[in-house]
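K.L.:
Sequence first, then the predicted structure:
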Amino acid sequence: MKFLVTGGAGFLGSNLAAEALNRGHELAVLDNLSRSGATENLQWLRSLGDVQFEEVDIRHAGEVARVVKEVRPDVIFHLAGQVAMTTSLKNPRYDFEVNALGTLNVLEAMRQSAPEAHVLYSSTNKVYGDLEWTRYEELPTRWGVPEFPNGFPENIPLEFHSPYGCSKGTGDQYMLDYARIYGLNTTVFRHSSMYGGRQFATVDQGWIGWFCHQAVAASMSSDVEPFTICGKGKQVRDLLHAEDAVALYFAALDHRDAVAGKVFNIGGGMENSLSLLELFAFLESELNVKLRWIEGPPRESDQRVFVADVSKIQAIIPWAPKLDKAAGVRKMLEWVTTSGGTLS
């Protein structure tokens, strides 16, 4: 099969592209290399096999259409996007053009030149807004959400808070509507927190990697300045390692008729959830270090808790995460230690 991975030099994109090569598929990568770390990821991919690389900005409809027409992919993994909430607040027009217009560009190119292809779109839990309509309980190390002991399902209300939530939510809904109106094979994955190798974390995106970097730095020097967190550190996310995310994407292709036109919450589930405070305690134990931090104000539109209820996808696909949170964070520490794994 022919695979086209938009954002294929990014974190999840490069992991998916590598697996396509590993399985012997033809691979094309579309990326504008704007994110730091993308050039390194592209070099890594090229070391693994034959990669058709197209340096294209997803905002440019004509170029996207050209690539799709030339490649004629059987599968599109659409991951090109603006991924930071903070960037969306500073530059909402850019955020919209990349996430909303860029996704429409992919769909239109697919409709014109590859209508039989299957596209899997990487969406986000931010389409659900801040989730302040539910009841929370404050526990010693985390917020609890009693009404949703297994996490949040797909049928909770959509609330596109923040420019990032609006732009990703727009792409999300276009994907579903192009399945309804034009009969395209589209699938939407609303991701919780992902982490793993090839992720070059920043303070704005990739929180597991970023705090692993802070812990490693603190373990090497006692002079490291305290880092700042948003809020009390009790906010909770479920973690899904890139290896398990990649396995899910390819498993979905084995059940493409069952997942076409549908949306799924994707994450590690409640058993793989962590608060910041719980992550810090784990890192302190693993590295025998004492972390120091400063509490800042909560981040705008941040969710106190988001854990994905993955029962819908698991009812269709025999998939479950293999790496639990402890093993996954240890692998992330290894990546950060050996590669740097973060960017300022």
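P.N.:
Cool, the structure landed.
K.L.:
Work out the gap between the helix or strand bottoming out on mean pLDDT in the chain and the centre of the chain.
P.N.:
Ranked by mean pLDDT, DSSP states H and E, the weakest helix or strand in the chain is helix 85-90, scoring a mean of 90. Computed by C-alpha atoms, centre = their mean, to the nearest Å, the separation of helix 85-90 from the middle of its chain amounts to 16 Å.
K.L.:
Against which helices or strands is it packed?
P.N.:
helix 92-96, helix 162-182 (3 or more C-beta pairs under 8 Å, 6 or more residues apart in numbering; DSSP states H and E). For every residue, glycine as well, the C-beta is placed using N, CA and C.
K.L.:
of all those helices, which lies closest to residue 33?
P.N.:
helix 92-96 (16.3 Å; C-beta to C-beta).
K.L.:
moving C-terminal of that closest one, what's the next helix or strand?
P.N.:
helix 102-113 (DSSP states H and E).
K.L.:
re the thing from before, touching the least confident helix or strand of the chain from outside, list them.
P.N.:
Helix 85-90 is contacted from outside by 82, 94-95, 126, 162-164, 167, 204, 299-302, using C-beta atoms under 8 Å, 6 or more residues apart in numbering.
K.L.:
out of those, which is most surrounded?
P.N.:
residue 167 (28 neighbours; other C-beta atoms under 10 Å).
K.L.:
ok, for it, nearest residue in space, not its chain neighbours?
P.N.:
Closest residue in space to residue 167, ignoring its immediate chain neighbours: residue 99 at 3.6 Å, by C-beta to C-beta, 6 or more residues apart in numbering.
K.L.:
quick revisit: pick the most buried one from the helices and strands packed on helix 85-90.
P.N.:
Counting by mean count of other C-beta atoms under 10 Å, helix 162-182 has the highest mean neighbour count of the helices and strands packed on helix 85-90, with a mean of 21.
K.L.:
relative to helix 102-113, how tilted is that helix?
P.N.:
20 degrees (axes from the mean of the first three to the mean of the last three C-alpha atoms, to 10 degrees).
K.L.:
Outside of the next helix or strand after helix 162-182 itself, list whatever touches it.
P.N.:
Sequence order places strand 185-191 as the next helix or strand after helix 162-182, per DSSP H and E. Contacts of strand 185-191 with the rest of the structure, by C-beta under 8 Å, 6+ apart, involve 107, 116-125, 127-128, 154, 172, 175-176, 178-179, 240, 245, 248-249, 252, 256, 259-267, 308.
K.L.:
And these, which of them are buried?
P.N.:
By neighbour count, with 16 or more other C-beta atoms under 10 Å, the contacts of strand 185-191 hold 107, 117-125, 127-128, 154, 172, 175-176, 178-179, 240, 245, 248-249, 252, 259-267, 308 as buried.
K.L.:
which ones among the residues you listed are found in strands?
P.N.:
Counting by DSSP state E, the buried ones among the contacts of strand 185-191 place 118-124, 240, 262-266 in strands.
K.L.:
Looking at the contacts of helix 85-90, which is nearest residue 139?
P.N.:
residue 302 (17.8 Å).
K.L.:
Contacts only, for that closest one.
P.N.:
Contact partners of residue 302, counting by C-beta under 8 Å, 6+ apart, are 85, 130, 230-231, 235.
K.L.:
Kindly report the same for residue 17.
P.N.:
3, 5, 8, 27, 29, 45, 51, 77.
K.L.:
Could I get those residues in JSON lines, plus columns for distance to residue 285 and neighbour count?
P.N.:
Shown next, in JSON lines, are the contacts of residue 17 (distance: C-beta to C-beta, whole Å; neighbours: other C-beta atoms under 10 Å):
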{"residue": "3", "distance to residue 285": "40", "neighbour count": "24"}
{"residue": "5", "distance to residue 285": "37", "neighbour count": "29"}
{"residue": "8", "distance to residue 285": "36", "neighbour count": "30"}
{"residue": "27", "distance to residue 285": "40", "neighbour count": "27"}
{"residue": "29", "distance to residue 285": "39", "neighbour count": "29"}
{"residue": "45", "distance to residue 285": "35", "neighbour count": "25"}
{"residue": "51", "distance to residue 285": "40", "neighbour count": "20"}
{"residue": "77", "distance to residue 285": "36", "neighbour count": "27"}
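K.L.:
So what touches stretch 46-57?
P.N.:
17-18, 21-22, 26-34, 42, 45, 63-64, 67, 71.
K.L.:
10 Å instead?
P.N.:
Residues outside stretch 46-57 that contact it (C-beta atoms under 10 Å, 6 or more residues apart in numbering): 2, 4-6, 8-9, 14, 17-22, 24-34, 42, 45, 62-64, 66-68, 70-71, 80, 97-98, 102, 105.
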